[in-house]
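K.L.:
coords please:
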Amino acid sequence: MANEKILVVDDDKNICELLRLYLVKEGYSVTMAHDGQEALTAFDKLHPDLVLLDVMMPVMDGWEACRKIRAKDNTPIIMLTAKGETYDKVLGLELGADDYIVKPFDAKEVTARIKAVLRRTAAKEDTNKGVYDFDNLHLDMNRYELKVKGKVVEAPPKELELLACLAGHPNRVYTRDQLLDEVWGFEYYGDSRTIDVHVKRLREKLEGASEQWNLKTVWGVGYKFEVKE
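P.N.:
Numbering: from 1, shown residues only. A predicted model of the protein is given here:
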């Protein structure tokens, strides 16, 4: 049985309930939302494994919700829409959707698509695990190798692990304590200023590499690897 968390987003509550019944039967954990803004709130709270996202919704449509989710996370997204025009399909895929289902649909088809997308995502993650590529930046944690503008840059393991933590979740803000837990582990009882020192050293090595991303200080909170849309 599956145990992945699915976020179902549709302003038609009957469709949501139909999908919930099928997905729960398949062993998925299901949370429902009925507009784009509600979906974003639920997404941040739930951290789902996949999002089923309707296009035409009040408050915020599916396109905008998809765009906002993609700005901070690579969670698989399947778009649901009553429109079948090629333009809509292309737009959804350009915004980062992983698949596209036109209404009316068969619930069995939806569950089959979900399984297929989750399989592809898992296979891709296994292949690319520990490898991060951005403009003029290549970080391979399998080799503990950092390349900036194609050239290998020497850096100690903890700096690379810190960069991997931040770059692995673009635009997500981490507090210093969260970074200590993620990179140094719970057994580390050092001063959180350790993070500031490591970020400073990383910035020196990454300076001028690209205008598309940067290690940004979020004042009063911590740091994030900011990627411009």
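K.L.:
And the strands in this protein?
P.N.:
Read by DSSP state E, the chain holds these strands, from start to end of the chain: 5-9, 29-33, 50-54, 77-81, 99-102, 131-134, 137-140, 145-148, 151-152, 174-175, 213-218, 222-227.
K.L.:
which of those strands has the lowest average pLDDT?
P.N.:
Confidence, taken as mean pLDDT, is least for strand 99-102 of these (a mean of 84).
K.L.:
what's the offset of it from the middle of its chain?
P.N.:
In this view, strand 99-102 has its centroid 20 Å away from the chain centroid, taken as Cα atoms, centre = their mean, to the nearest Å.
K.L.:
separation between the most centrally placed residue in the chain and L23?
P.N.:
What sits nearest the mean C-alpha location of the chain, by Cα atoms, centre = their mean, is D73, with 1.6 Å. Remark: distance between D73 and L23 (Cβ to Cβ, to the nearest Å) = 20 Å. Placement of C-beta: from N, CA and C, glycine included.
K.L.:
and among the strands of the chain, the most buried is which?
P.N.:
Of all the strands of the chain, strand 50-54 has the most neighbours on average by mean count of other Cβ atoms under 10 Å, namely a mean of 26.
K.L.:
Flag every buried residue along stretch 195-211.
P.N.:
Of the residues in stretch 195-211, those with enough neighbours to count as buried (16 or more other Cβ atoms under 10 Å) are I195, H198, V199, L202, L206, A209.
K.L.:
This protein: helices as residue ranges?
P.N.:
Counting by DSSP state H, one finds helices in the chain at the ranges 13-25, 36-46, 62-70, 86-94, 107-128, 157-167, 176-179, 193-206.
K.L.:
So which of those is the most surrounded?
P.N.:
Per residue and on average, the most neighbours among the helices of the chain fall to helix 62-70, with a mean of 21 (mean count of other Cβ under 10 Å).
K.L.:
Strand 5-9 and that helix, what's the angle between them?
P.N.:
Using axes from the mean of the first three to the mean of the last three Cα atoms, to 10 degrees, the interaxial angle of helix 62-70 with respect to strand 5-9 works out to 150 degrees.
K.L.:
Helix 62-70: how far from the chain's middle?
P.N.:
Here helix 62-70 is found 11 Å from its chain centre; the criterion is Cα atoms, centre = their mean.
K.L.:
Going forward, count from 9.
P.N.:
Noted, 9 is the first residue going forward, which turns the last one into helix 70-78.
K.L.:
Give me the distance between the two termini of stretch 140-160.
P.N.:
Using Cα to Cα, to the nearest Å, the gap from the first to the last residue of stretch 140-160 comes to 14 Å.
K.L.:
Residues touching that stretch, excluding its own?
P.N.:
137-139, 161, 163, 165, 168-169, 171-172, 175-176, 213-214, 217-218, 220-221, 235 (Cβ atoms under 8 Å, 6 or more residues apart in numbering).
K.L.:
where does the protein dip in pLDDT?
P.N.:
For the chain, applying pLDDT under 70 flags the ranges 9-10, 91-102, 131-137, 193-199, 237.
K.L.:
Identify whichever of the helices of the chain lies nearest to V63.
P.N.:
Minimum separation from V63 across the helices of the chain (Cβ to Cβ) falls at helix 70-78, 3.9 Å.
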